[in-house]
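Asks: Quick one: sequence and predicted model below, then my questions.
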Amino acid sequence: MKFAVPKGAFPKTAPSGSAPTLTRQSSGFDQFYAALRGSEGHSVLDLAGASQANITFVTEAGHRISSDDIVGAMLQAFGGDFAENQKTEAKAARFLEQTLTFPAESFDGALVWDALQFLAPPLIERTVERLLRLMRPGGLILAFFNANEKIKEIPLYSYRIQGAKTLLQIPRGAPQRVQNFNNRSIERLFDSASSVKFFLTRDNLREVLVRR
């Protein structure tokens, strides 16, 4: 599903066209992908919206991929005062109506990327609950959380898969931080999952692999 981004919904990190595309090595994605290797026919959900690079990588590995632009849904529902608008029940309901609308236990894996960190309580808990329902038993969720608690605006990226360990990060803006996430708060967020694994990185991006 595609969404038109309201003008000014997210402040830019740099003038248009000047923000660099970054390449990063991801241990979290490497382990996510390793769980899919050795068999074919798995179903993967990509919450960064439709991406030809991601579609090609997943389908060439013998799996199916579905896309949902969760950030686009956020922008449509909460554009303007992004954090404050999430407290409005009508806006929160609109967001939930537009995203994660697949049947229960539809997927073996979900690439959430960095989207969850832009949702405030209690909406983030409702979103995670719905996300976990979409996963089959043993299914994996890969999510990223910015670990730098000193910054007020968190860089937002679109993620493009380049290889089993390599991702491209394409800047998409810098929303205002809605809350801080540490290991304990993330564990509480996924309290109903069977396991939560963290990966240390050097770029303040906490990678988390969740198994339903």
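Replies: Yep, that arrived.
Asks: Using CSV, list the CA coordinates for the helix or strand of the chain with the lowest mean pLDDT.
Replies: Ranking every helix and strand in the chain by mean pLDDT, DSSP states H and E puts helix 82-85 at the bottom, with a mean of 86. Provided in CSV are the C-alpha atoms of helix 82-85 (Å, rounded to 0.1, in the frame of the first residue of the first chain):
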residue,chain,number,x,y,z
PHE,A,82,3.4,13.6,15.2
ALA,A,83,3.8,12.5,18.8
GLU,A,84,0.7,14.3,20.2
ASN,A,85,-1.6,13.1,17.4
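Asks: what does it rub up against?
Replies: With contact meaning CB atoms under 8 Å, 6 or more residues apart in numbering, helix 82-85 is reached by A9, F10, M74, A77, F78, G79, K91, F118, A120, P175, Q176, V178. Where you see a C-beta, it was placed from the backbone N, CA and C, and this is true even at glycine.
Asks: Following the chain onward from that helix, which element is next?
Replies: Downstream of helix 82-85, the next assigned helix or strand under DSSP states H and E is helix 89-98.
Asks: which residues touch that following helix?
Replies: 1, 3, 73-74, 76-78, 85-86, 123, 126-127, 130.
Asks: Just the buried residues of it, please?
Replies: Buried residues in helix 89-98, counted by 16 or more other CB atoms under 10 Å: K91, A92, F95, L96, Q98.
Asks: What ranges does this protein have for its helices?
Replies: Using DSSP state H, the helices of the chain run over 27-36, 52-60, 70-78, 82-85, 89-98, 123-134, 183-189.
Asks: from the ones you listed, which stretch is densest packed?
Replies: Mean neighbour count (mean count of other CB atoms under 10 Å) peaks for helix 70-78 among these, with a mean of 24.
Asks: now the angle from that one to helix 123-134?
Replies: Angle, helix 70-78 to helix 123-134, by axes from the mean of the first three to the mean of the last three CA atoms, to 10 degrees: 140 degrees.
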